[in-house]
Structures are given as C-alpha cells and as structure tokens.
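In: Turn this into a structure:
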Amino acid sequence: MQLRVRYFREADVRADYEKQLSRGGLLVRIGSHDELTQFQPVKLELVASATVVVLDAQVVQVFPIAGVAVTFTPSRALESWVEAACATASEDRDPEHSVVGAPVEEKPRLAAAETNDRISAALRGNRDERAAILRENNPALHGHVLRNPGLQLDEIAAIAKMRTVSPELLRQIADKREWAQRPDIALALVRNPKTPVNVAVRLLDYVGAAELRQLAKDQHTRTPIQHAARKKVLG
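Out: This next block holds a predicted model:
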C-alpha cells in the first residue's frame with residue numbers, strides 16, 4: 001500500500017517538514033482508508049512538481065475522519081527532497097493526499113533519471129552548466145561540480161564566496177591544497193560566514209599580509225578569525 005502526498009506550495013512543504021516530517025511522522029489526510037490498519041507497513045510518497053521521495057513508513061494511528069498517522073525514520077533523502085521541493089513548488093493549491101493501491105514506480109524512475117542527468121552535467125558539463133547546477137538548491141549535486149575536470153580557478157574563487165553552498169562544500173575546497181594556497185581563494189573562504197571557523201583560521205596562513213591586517217581590524221570578521229588574524233599580524 002502506498003500513500004501519496006502532493007505539494008504545490010513551498011509554504012506547505014516547510015510547514016509539514018518543521019511540524020511533522022522532521023520528527024519522523026505525518027498525518028495523511030485521506031477520506032476512505034478502510035484497508036489501512038494500525039502498524040501496517042506502507043510506502044509514503046512525497047511529491048512536489050517532478051521532485052519525489054518514497055519513504056518506508058508504518059501506520060501508527062487510524063482516525064475515522066482525519067486520516068492516518070504514519071511514522072518513519074528521517075533521512076538525508078528526505079532533507080534533499082525538502083530542499084528541492086521548496087525550489088520547485090509554486091502553484092497556489094492545497095496539498096493533495098491519496099491512497100495508491102500498488103507501489104507507484106514510474107515517477108521515482110523519472111526522478112532518478114533526471115538526477116542522473118544532473119550528476120552527469122555536474123561532472124562533465126561546460127562552464128554554463130556548472131554555474132546553473134551551483135545555483136540549484138541541491139547540495140548533493142554541488143560536490144560533483146568540484147570533480148569536473150574543466151573547472152577553472154576563477155570558478156573555484158567564485159564558489160568560495162557563495163553563501164548559498166554548504167559548509168561541507170567549502171571545506172572540500174579548503175582541503176585541496178592547490179586551491180587553498182591561492183591567496184584569493186583562501187581570502188574568499190575566510191570571509192565566507194558559511195566556512196567552518198577552524199577551517200577559516202587555518203587558511204589565514206595563505207592570506208596576503210595586507211588582507212590579514214584588514215581582517216584583524218574589520219568588525220565584520222567573525223570574532224575567532226579576527227583574533228587569530230590579529231595574532232598573526234602582531235607576530
């Protein structure tokens with residue numbers, strides 16, 4: 001048995017995630033559900049535009065009018081779906097809840113094929129394709145861009161300045177010595193508030209003297225980094 005919830009608005013995705021999904025549960029509001037019983041295993045399919053995730057769930061409560069409450073284990077796949085769903089949901093319609101008698105595989109297959117195409121574009125695409133993927137709200141794809149053999153140093157410097165990418169992506173840039181040792185890239189990472197503090201402090205070794213003095217004085221610099229920069233300036 002499969003339960004499907006289709007979202008059309010970003011606000012509905014966020015509301016359900018904050019109040020229910022992030023806690024491993026959801027009230028599926030369906031009218032007829034005589035075939036569903038407490039503790040029955042089900043598939044929970046969440047849909048927003050072409051973005052789909054299917055979770056293994058279990059019915060924990062059956063309500064005569066309201067529907068059924070299900071529970072599941074939250075996962076990174078769910079978080080990725082929420083990020084993508086918020087970027088694609090746009091229609092002004094209430095969520096649709098329904099029961100599907102047999103597992104629905106076509107849409108997940110299409111979603112998987114689309115994801116594979118995006119991964120391929122990240123790994124082998126040209127400059128414009130790489131930039132488009134980095135603009136997508138899908139951190140799972142961003143890491144593949146760093147493995148693209150055509151990636152240029154000016155693109156790395158631009159990524160290092162982005163506040164829309166994940167701290168993990170910035171850490172990956174910092175961990176590659178030939179990138180981190182370039183003063184422009186190091187400085188961009190140090191100034192980016194998404195860069196982990198310990199990583200930013202380590203990168204001060206590669207920041208130019210003039211920029212180091214500026215970081216030591218700049219009140220917008222994060223305090224631990226400012227103190228570390230001041231120590232380096234004072235010797």
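In: burial measure for E211, as a count.
Out: Neighbourhood size, E211 [other Cβ atoms under 10 Å]: 18. C-beta: built from backbone N, CA, C; applies to glycine.
In: quick one, helices of this protein?
Out: Taking DSSP state H, the helices of the chain run over residues 10-19, 76-88, 106-124, 127-135, 139-145, 153-161, 167-175, 177-180, 183-191, 197-203, 209-217, 223-234.
In: Could you pull up the residues touching E136?
Out: The contact partners of E136, by Cβ atoms under 8 Å, 6 or more residues apart in numbering, come to 87, 118.
In: picking that back up, just tell me which of the helices of the chain ends up closest to L26.
Out: Among those, helix 10-19 comes nearest to L26, with 6.7 Å by Cβ to Cβ.
In: Export that closest one to CSV, keeping only CA atoms.
Out: C-alpha atoms of helix 10-19 as CSV (Å, rounded to 0.1, in the frame of the first residue of the first chain):
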residue,chain,number,x,y,z
GLU,A,10,6.6,26.0,-0.7
ALA,A,11,4.9,27.2,2.5
ASP,A,12,3.1,23.8,2.8
VAL,A,13,6.3,21.8,2.4
ARG,A,14,8.1,23.9,5.0
ALA,A,15,5.1,23.8,7.4
ASP,A,16,4.8,20.0,7.2
TYR,A,17,8.6,19.5,7.5
GLU,A,18,9.0,21.7,10.5
LYS,A,19,6.0,20.3,12.4
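In: Report the angle between it and helix 76-88.
Out: Using axes from the mean of the first three to the mean of the last three Cα atoms, to 10 degrees, the inter-axis angle of helix 10-19 relative to helix 76-88 is 150 degrees.
In: Pull the distance from helix 10-19 to the chain's centre.
Out: Relative to the chain's own centre, helix 10-19 is displaced by 15 Å; criterion: Cα atoms, centre = their mean, to the nearest Å.
In: Just the mean pLDDT for that helix, thanks.
Out: With pLDDT averaged residue by residue, helix 10-19 scores 93.
In: Which positions within that helix qualify as buried?
Out: Buried positions in helix 10-19, judged by neighbour count with 16 or more other Cβ atoms under 10 Å: 10, 12-14, 16-17.
In: That one packs against which elements?
Out: With contacts taken as 3 or more Cβ pairs under 8 Å, 6 or more residues apart in numbering; DSSP states H and E, helix 10-19 sits against strand 2-7, helix 76-88.
In: Okay then, goodbye and thanks.
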